[in-house]
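I'll drop the sequence and a predicted model, then ask my questions.
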Amino acid sequence: MSSALETARAEPVVVLEGVSRQFGRVKALDDVTLRVPRGVVFGLVGVNGAGKTTLLKHVLGLLKPQTGRVTVLGRDPVADPVGVLSRVGYLGEENDLPGWMRVAELIRYMQGFYSTWDEKYADHLLRSFELDPAAKVKHLSKGQRARAGLLVALAYRPEILILDDPSSGLDPIVRRDILGAIIRTISEEGRTVLFSSHLLHEVERVADHIALLDKGRVVVADEMDRFKRSFCEVTLQFEHPLAAPPCFVDSLRWQGSGREWTAIVRGQLDDLARRAAAAGARIVAQRAPTLDEIFVAQVGPRVAQAEPESVAAEE
Amino acid sequence: MQIHIASDDGVPIYLQIAKQVKYLVATGRLLPGEEMPPIRVLAEQLLLNPNTVARAYRELEIAGIVEKRRTAGTYVSQRPSPLAREERLRIVTERVDVLLVEARHLEVGTDELVELVRQRDRQLRPSGQE
């Protein structure tokens, strides 16, 4: 616990303050404030189009904030791209490595940009990823291309590793390599990982901090354990069957039918118990929900319980 | 040391680890004085954040199941016997509670349940053993 507090107090390596970004009429980022402490694995989750990639592009200095401020390692990534990018490793969703280069050429080429390039480490990664140095990048499989991208993002031992949905569309073995790289990166003192992902069970395993984005806004940003602890799945049993979901707490998405209804509740369990009692119901079960379940409850469609009557009729 | 993390379980991962280590110690699969895998190694093996593994080890240390040695490394405590006994009972108690709740729902009385346990015990025992 104390070490978690220490990391929270430490100076953050990435800071976004009131960052907004609009593409045409779409608000991609809406007043985003976020702090990534040093030495953590920070998972960024949200549905497609929630703003994850746009947020990471601001951190990398590829986009200039329309309002607000971005600071990475104490610098402005747009004003000082060299100062920032030399200390940040990046692997994108669709990595745009030059396809005409051979793997060995790619490594030599990238090496030229970084004074901190670790040749031994690059060699080690080349071998452990089983990459063919003579193969052209464009002829590599999707998995091998991701590994090549990971190699050039890791070999200069960046202080911050940024991964934009690195697992998407990759087989479990490549995903293992990527997760392993994340873990090794933070095992080395003081290094930080910021990554976005759709695979919540992976985020749950490797991230110790989490931010949930929805429609360009940060819905929650917290330490993973505290975040998970703040939610509880509660099942209520009513005296008489209900034709529609209970309506005494509007923000909840109830699932169920008849007498038993289940929802994921954030905090205020006492309050819910009181309201339930007043509505003639009692709590019959409680359990800790998974990240997946919390995610759906927070940003899933509001009408999770569509037309209970027609469903009942079919049964 | 075989640990399995269930991702469809809402129980925090560090508690899953701590619970399974306690189980391994209680059942004698981890012996007193045996060295635990280093945090980093277990983290890479299970693909977990090292802080999560460290937290599990801290929980286990507080519970007296493991101890840190000055020379670095974490070891199963030398004298975990009373705790291990307690832990074994705790595990069985959990199962008994589940059984009792289920029996109550199905309207099977406690006496009947105890008799059923005895009966099953006789049947599961290798023949000739009383």
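The structure has been received and is ready for your questions. Note that the structure is predicted; figures quoted are calculated from it, not measured.

And for residue A:104, nearest residue in space, chain neighbours not counted?
Leaving aside its sequence neighbours, residue A:104 sits nearest to residue A:133 (C-beta to C-beta, 6 or more residues apart in numbering or on different chains; 3.8 Å). Heads up, the C-betas are built off the backbone N, CA and C, glycines and all.

residues contacting the one you found?
Each residue near residue A:133 by C-beta atoms under 8 Å, 6 or more residues apart in numbering or on different chains is listed here: A:102, A:103, A:104, A:107, A:126.

Swap in 10 Å and give it another go.
When contacts are counted by C-beta atoms under 10 Å, 6 or more residues apart in numbering or on different chains, residue A:133 touches A:102, A:103, A:104, A:105, A:106, A:107, A:123, A:126.

what about the second one, how many residues close to it?
Burial measure for residue A:103: 25 neighbouring residues, criterion other C-beta atoms under 10 Å in any protein chain shown.

One more: the fifth one?
Using other C-beta under 10 Å, the number of residues around residue A:106 comes to 22.

That one and residue A:89: what is the separation?
15 Å (C-beta to C-beta, to the nearest Å).

Same check on residue A:275?
For residue A:275 relative to residue A:89 (C-beta to C-beta), the value is 49 Å.

who's more crowded, these two?
residue A:89 (24 against 15).

pretty sure that one belongs to a helix, no?
No. With DSSP: H, G, I helix; E, B strand; the rest coil as the criterion, residue A:89 is strand rather than part of a helix.

Which segments of the chain make up each domain?
With no chain named, the answer covers chain A. By the assignment in automatic domain parsing, chain A contains the domains A:8-224, A:230-314.

ah, I was thinking of chain B
Following the assignment in automatic domain parsing, chain B carries domains at B:13-79, B:82-124.

quick one: which of those domains is nearest chain A?
The minimum distance between chain A and these falls on domain B:13-79, with 4.6 Å, by C-beta to the nearest C-beta.

Can that closest one be said to contact chain A?
Yes. Using C-beta under 10 Å from any C-beta of the partner chain, domain B:13-79 reaches chain A at B:13-15, B:39-41, B:43-55, B:58.

roughly how far is that domain from the heart of the chain?
12 Å (C-alpha atoms, centre = their mean, to the nearest Å).

For that domain, give the mean pLDDT please.
Domain B:13-79 carries an average pLDDT of 89.

What is the end-to-end distance of that domain?
Domain B:13-79 has its terminal residues 27 Å apart, counting by C-alpha to C-alpha, to the nearest Å.

cool, stretch A:186-203 as well?
End to end - C-alpha to C-alpha - stretch A:186-203 spans 15 Å.

Could you check that stretch and say which residues are buried?
Buried residues in stretch A:186-203, counted by 16 or more other C-beta atoms under 10 Å in any protein chain shown: A:186-187, A:191-197, A:199-200, A:202-203.

Over in chain B, which residue gets nearest chain A? Let me know.
Closest point on chain B to chain A, by C-beta to the nearest C-beta, is residue B:10, at 3.2 Å.

got the contact list for that residue?
Taking C-beta under 10 Å, 6+ apart, one finds A:204, A:228, A:231-233, A:264, A:287-294 in contact with residue B:10.

now do 7 Å
Applying C-beta atoms under 7 Å, 6 or more residues apart in numbering or on different chains, we find residue B:10 in contact with A:287, A:288, A:289, A:290.

same deal with residue B:66?
Applying C-beta under 7 Å, 6+ apart, we find residue B:66 in contact with B:36, B:57, B:60, B:74, B:75, B:76, B:77.

Name the nearest residue to the fourth one, ignoring sequence neighbours.
Okay, so that is residue B:74. Here the residue nearest residue B:74, using C-beta to C-beta, 6+ apart, is residue B:36, at 4.2 Å.

just checking, that neighbour touches residue B:75?
Yes. Residue B:36 lies in contact with residue B:75 (C-beta atoms under 7 Å); the separation is 6.5 Å.

These two: which is more packed in?
Taking other C-beta under 10 Å, residue B:36 and residue B:75 do not tie; residue B:36 has more neighbours (21 against 15).

OK, contacts around that one?
B:66, B:74, B:75, B:76.

Which of these fall within strands?
Using DSSP state E, the subset of the contacts of residue B:36 located in strands is B:66, B:74, B:75, B:76.

Who are the contact partners of the second one?
Right, residue B:74. Contacts of residue B:74 (C-beta under 7 Å, 6+ apart): B:36, B:57, B:66, B:68.

Which residues does it form beta bridges with?
Counting by DSSP bridges, residue B:74 is bridged to residue B:68.

That one and residue A:86, how far apart?
38 Å.

what about the residue in the stretch 151-300 of chain A that chain B sits nearest to, distance to residue B:17?
Residue of the stretch 151-300 of chain A nearest chain B, by C-beta to the nearest C-beta: residue A:288 (3.2 Å). Using C-beta to C-beta, residue A:288 is found at 15 Å from residue B:17.

Those two: who's more crowded?
Neighbour tally, residue A:288 and residue B:17, criterion other C-beta under 10 Å: the higher count belongs to residue B:17, 24 against 16.

How about the secondary structure of that one?
Of the three states, residue B:17 takes helix according to three-state DSSP.

Same check on residue A:39?
Assignment for residue A:39 (three-state DSSP): coil.

Need the distance between the two termini of stretch A:133-150.
Stretch A:133-150 has an end-to-end distance of 15 Å (C-alpha to C-alpha).
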